[in-house]
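**Q** the sequence and its predicted three-dimensional model are supplied below.
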Number of protein chains: 2
Amino acid sequence: MLTSQIKEHLINITGAENFVDSQVERLVYSYDATPDYQSMPDAVVSPRSSEEVAKILALCNEYKIPVIPRGSGTNLCAGTCPVKGGIVILFNHMNQILEIDEENLTVTCQPGVITLDLIREVEKKGLFYPPDPSSMKISTIGGNLNENSGGLRGLKYGVTRDYVLGLEVALPNGEIVRTGGKLAKDVAGYDLTRLFIGSEGTLGIITEATLKLIPIPKTKKTMLVHYQDLEDAARSVSKIIANKVIPATLEFLDQPTLKVVEDYSRIGLPTDVKCVLLIEQDGEGHSVEKDMIKIEEICKSENAYSIQIAQTENEAEALRTARRNALSALARMKPTTILEDATVPRSEIAKMVMAINEIANKHQINICTFGHAGDGNLHPTCPTDVRDKDEMQRVENAFDEIFDKAIELGGTITGEHGVGIVKAPYLEWKLGESGVNVMKSIKDALDPNHIMNPGKMFAKDTRKRVVVSR
Amino acid sequence: MLTSQIKEHLINITGAENFVDSQVERLVYSYDATPDYQSMPDAVVSPRSSEEVAKILALCNEYKIPVIPRGSGTNLCAGTCPVKGGIVILFNHMNQILEIDEENLTVTCQPGVITLDLIREVEKKGLFYPPDPSSMKISTIGGNLNENSGGLRGLKYGVTRDYVLGLEVALPNGEIVRTGGKLAKDVAGYDLTRLFIGSEGTLGIITEATLKLIPIPKTKKTMLVHYQDLEDAARSVSKIIANKVIPATLEFLDQPTLKVVEDYSRIGLPTDVKCVLLIEQDGEGHSVEKDMIKIEEICKSENAYSIQIAQTENEAEALRTARRNALSALARMKPTTILEDATVPRSEIAKMVMAINEIANKHQINICTFGHAGDGNLHPTCPTDVRDKDEMQRVENAFDEIFDKAIELGGTITGEHGVGIVKAPYLEWKLGESGVNVMKSIKDALDPNHIMNPGKMFAKDTRKRVVVSR
C-alpha cells in the first residue's frame, strides 16, 4: 500500500484525475493477456508528458516503489503483471503521432499510439511500417518497443527493432535521455536504442520514438498451399528461401489449428489436410508475379496437395484473417490457452514440429501449432484449464521439453513474446550463466534499486534442463 | 613494460611464435589510419582460438593490463591506437569463414576475415552481404563489427549492425558468451548482440560472428548526375526519396573532390561542375529500369546540368572507383588528411554542405566534401599538415564548428567512423551528460577494471560547445 504522502506526491505530478487506487481499478490492471498470472498493483497513473513520467520515476526511485509501464497488456509472458505491486503507468494520454516526415521517411510518436492506427496513418502517405504483431489492433507502439514485437511480415521486413531510429527514455533516476535521431547512421557510443528495445520495461520507460518508414509495396499476392505431410511443407519453406525468394509472409498452420479456425471463422479452410502454408509476396507487380510462379513450382515439387491462389483482395484478406484469428479461435476451445513461441533455425522446422507432436502425445495433452515458418518461429498452443492441476503439470512438463528441444536445435526460448515472468526460469538455458550475469550487471547499472518492472526477465530459480532420452 | 612473468604467461597461452615485443613490431602497431595519434603497446599477440583470447583477457584482467583488439587498423577515430600501452591482439590466425549456410542464409566467420573476401565468397553462392565500407579490401569483419561500419550500400541495405544474427564474445573476466544464433527472431533478454556491435572493443572481444545474407540483386544500373548548384543536388536527394525510390547508392562529391580524384584517376570525371551525385539502383531488371527513369526525371526537374548513364559494367565500375578513391586521392595532396563524418537528417544536407564551406572559408582552410548523401552522412575532408601548428589549430576549430552545426541540424558527431579517441570529447554534445553516464555505467558493469581498449569513447574532458553567431 502507498502511504498518503506518496499518493499526494503522485497526484501532484499527474493531477487527481489521472491517479486511481480503488479496488476495482487496481483489479483491472492486475493481469494481462497471459493466463494464470495475477497480482494487484498499489495504484495506476496516467501521466500526460515525458516530464511527468520522469518525475514519477524519480519519486518511485527515492521510495523504492516498483514501476510497471503498460501499453494494452496484450503480451503473453506476464510482462505487465505487477508481481511485486507498485505503480502501473498507462499511456492513454501519451498516444499522439507527433510527426510524419515524408522527406526523411520517419514517424515520431508517443508510446500510447495503437500499432494499427500508426500503420494506417503512414499508409495514407504511401509509406509503410512493416512490424505487424497479431495483436496490432489493440497493442501499442510502446508495448511493441518494449517487447521487440515481430509479426507476419518479419521474414522479409524484420521486427520492431529494425525500424527504430531514435528514442526518448525516462531513466529510473528521473533523467531523460535521447538516443539516435532522424539519422540513417549514428555510431556515437553504445547502441542504447537497441538496449532499451526488448528490455521489457526493466531499464527505463520509453516516452517517445522516431521510427523508420519505407515506401509501401505496390502490389501483393496471397496463396494457401495444402499439404498431406508436414515434412513436405517444411522442405518447401527451406527450398523457397534457398532458391533466393524471400516472401513477405510464410506462415504455417497444422491440421488441429485449421479445424478450430474453420469452425470459428467459416471461411472455407481445408480441414482434411495435414497442414497449410500461407504465403504472400509484395513489391513491384512484375517481380511479385515471377516470385509467385517460382514458389508455386517449388511447392508442387515438394508434393503440395493443392494450391489456392487468392484472386481478389477479399479472398486474400480471408486467408490472412484465418491466420490472424488462430489465437482467438483456439482460445474458445478451453478455459485456458497456453501459447508459446519456441523458435529454431528455419532449416529445423520439420524436426521441431514433429518433436512438438511427439511431446504432446507423450504427456497426453492437445497442442495445436501454427506460426511464422519462414522465421522458424512456431507457436505451439495448448488449450487447457488452469483448474485441472494434473493436466497443468503435464502441460508445464511438455513445454519444458519443447524449449529444451528448441535449444538443442540451435533455437531460442522466445522468438517474439519476450521473457517476462513466464520464460525467466528458462533464460539461462539459452544464454548460460555468464550471459545472464552480463544482463544482470546491465540491469544493476541502470536500475540499481530494481524499481523497473521487478520480477521480470531474471528468475530467482532457473529450471533444470530436461534430460530426455534421445 | 610487461614483467617477465606476464610475458611467460602470454607465451604459454599463444606459443612463442605468436608473441612479439621487439621495438620494431611494437612500432608497427603503435598507430592506425588516423593521423597524428601514436602510442607504443607493450606487446603484440596473435591468438589461435576463442579460448586463447579468453585466457589472455583473464590474465590481463588479473594484472590490469590494457587490451586492444585490432583488425587491419583502417579505422579513422584512433580506435586501435594503444594510448595506454598494453597488449595488442591480432586476428591473423582467426581469419576463417567457418560456414556458409544456404538454407538459413547465414555465414559464420572468425573476426580476422577480410570484408571483401567474405563478400566474394558468399557471392559465389548467389548470396549478398551488403555492408561495404570503403576500406573493405583490407578491413576485417571483426573491425567492421566493432565500429558498426557503413558503406556505399547503406541507404537501401543498412549497416553492419543490420546483418548480425549472433556473436561469440570473450568477456574481460575470461568467460565466453554466445548471443543470438541462426535465428530470424530472438528476444531472450537484452540485445547483447547490438550492445557489442559498435562498442569499439571497450566491452569484450568478438571471437566469432554469424551474419545474415540476402539473395544477390539480379541487375544494377549506375549513373552520374552533374550539377552547377549544390542546392539542386541536395534537393534531388530529398526528392528522390520523398518519391519513394530508395536507390542502393546515392553518393555526393563536390567540385574540389572531383578535381583531386580526376587528377589521381584520369577517368574523365567532370571538373567544371559544382558537384555530382553517383546514383545506383539494383534489383529485378524491370524495377531497376523504372527507378532509373524516375530518378533521371527528378534530377532533370532539379536542374541537373547533365546526366551520364553507364552503358557497360566497365563504365559503371569506373564511376564507383571514382568515389571509392576519394580518400586515397585527397590523401596525396598534403602530408596529413583529416577525414570526418558529420551526419545529419538527409533533408538537411544542403544546409550542412553550405555550412561546411562557410566554416572552411572563415578559418582559411581547404575542405573537400564527399559522402553518402542518401544517408545524410558527409565526409568533410581537410588536406593539411600536422607540422603546421597554426593551421592545425584552425582545422580543429573548424571541425568543432562543423560538429556543432551537425548537432544543431538534428545530426550526430559520427555516422560510421566511431568515437575512439578523436570524437570522445564531443560525445556529450550528442548524448548529454545523462546519456554518457548511462554508457559509462554499462562500461563499468562489463569491464570494471577498464582493461578493454582504455582511453576510447569516454574523454577526460568534454570540449565546450561552440557558440557561433547564428
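**A** Nice, I can see it.

**Q** close to chain B, is the one helix or strand A:Val53 maps to?
**A** Applying DSSP states H and E as the criterion places A:Val53 in helix A:50-63. No. Where contact is defined by CB under 8 Å from any CB of the partner chain, no part of helix A:50-63 touches chain B; the two come within 10.5 Å at best. The way it works is simple: take the backbone N, C-alpha and C, and place the C-beta from them, glycine included.

**Q** now that helix - C-alpha only, PDB.
**A** Extracted as PDB, the C-alpha positions of helix A:50-63 are listed here (Å, rounded to 0.1, in the frame of the first residue of the first chain):
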ATOM      1  CA  SER A  50       7.600  12.700 -20.600                       C
ATOM      2  CA  GLU A  51       8.400  15.100 -17.800                       C
ATOM      3  CA  GLU A  52       5.600  13.600 -15.700                       C
ATOM      4  CA  VAL A  53       6.900  10.100 -16.400                       C
ATOM      5  CA  ALA A  54      10.400  11.200 -15.300                       C
ATOM      6  CA  LYS A  55       9.000  12.700 -12.100                       C
ATOM      7  CA  ILE A  56       7.100   9.600 -11.200                       C
ATOM      8  CA  LEU A  57      10.300   7.500 -11.700                       C
ATOM      9  CA  ALA A  58      12.400   9.900  -9.500                       C
ATOM     10  CA  LEU A  59       9.800   9.600  -6.800                       C
ATOM     11  CA  CYS A  60       9.500   5.800  -7.000                       C
ATOM     12  CA  ASN A  61      13.300   5.500  -7.100                       C
ATOM     13  CA  GLU A  62      13.600   7.600  -3.900                       C
ATOM     14  CA  TYR A  63      11.000   5.400  -2.100                       C
END
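
**Q** which element follows it toward the C-terminus?
**A** Scanning forward in sequence from helix A:50-63 by DSSP H and E, the next helix or strand is strand A:67-70.

**Q** return the set of buried residues in the helix holding A:Val53.
**A** Applying a neighbour-count criterion of 16 or more other CB atoms under 10 Å in any protein chain shown, the buried positions in helix A:50-63 are A:Ser50, A:Glu52, A:Val53, A:Ala54, A:Lys55, A:Ile56, A:Leu57, A:Ala58, A:Leu59, A:Cys60, A:Asn61.

**Q** gap between that helix and the chain center?
**A** Centroid separation between helix A:50-63 and its chain, computed with CA atoms, centre = their mean, to the nearest Å, is 27 Å.

**Q** same for it, what does it pack against?
**A** Packed against helix A:50-63 by the contact rule (3 or more CB pairs under 8 Å, 6 or more residues apart in numbering or on different chains; DSSP states H and E) you find helix A:4-14, strand A:67-70, strand A:87-90, strand A:164-170, strand A:176-180, strand A:205-212.

**Q** what angle do that helix and strand A:205-212 make?
**A** Compare the direction of helix A:50-63 with that of strand A:205-212 by axes from the mean of the first three to the mean of the last three CA atoms, to 10 degrees and you get 140 degrees.

**Q** got the angle for helix A:50-63 vs strand A:164-170?
**A** Computed by the same axes, to 10 degrees, the angle separating helix A:50-63 from strand A:164-170 equals 50 degrees.

**Q** what sits up against helix A:50-63?
**A** Helix A:50-63 is contacted from outside by A:6, A:9-10, A:13-14, A:45, A:47, A:65-67, A:86-87, A:89, A:94, A:168, A:170-176, A:204-205, A:207-208, A:449, A:451, using CB atoms under 8 Å, 6 or more residues apart in numbering or on different chains.

**Q** those residues also near chain B: which ones?
**A** Under the cut-off given by CB under 8 Å from any CB, chain B has A:Leu171, A:Glu175, A:Ile176 from these close to it.

**Q** take those and write them to JSON lines, including neighbour count, pLDDT and distance to A:Leu224.
**A** Compiled in JSON lines, the ones next to chain B among the contacts of helix A:50-63 are given as follows (neighbours: other CB atoms under 10 Å in any protein chain shown; pLDDT from 0 to 100; distance: CB to CB, whole Å):
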{"residue": "A:Leu171", "neighbour count": "22", "pLDDT": "98", "distance to A:Leu224": "48"}
{"residue": "A:Glu175", "neighbour count": "18", "pLDDT": "98", "distance to A:Leu224": "51"}
{"residue": "A:Ile176", "neighbour count": "20", "pLDDT": "98", "distance to A:Leu224": "48"}
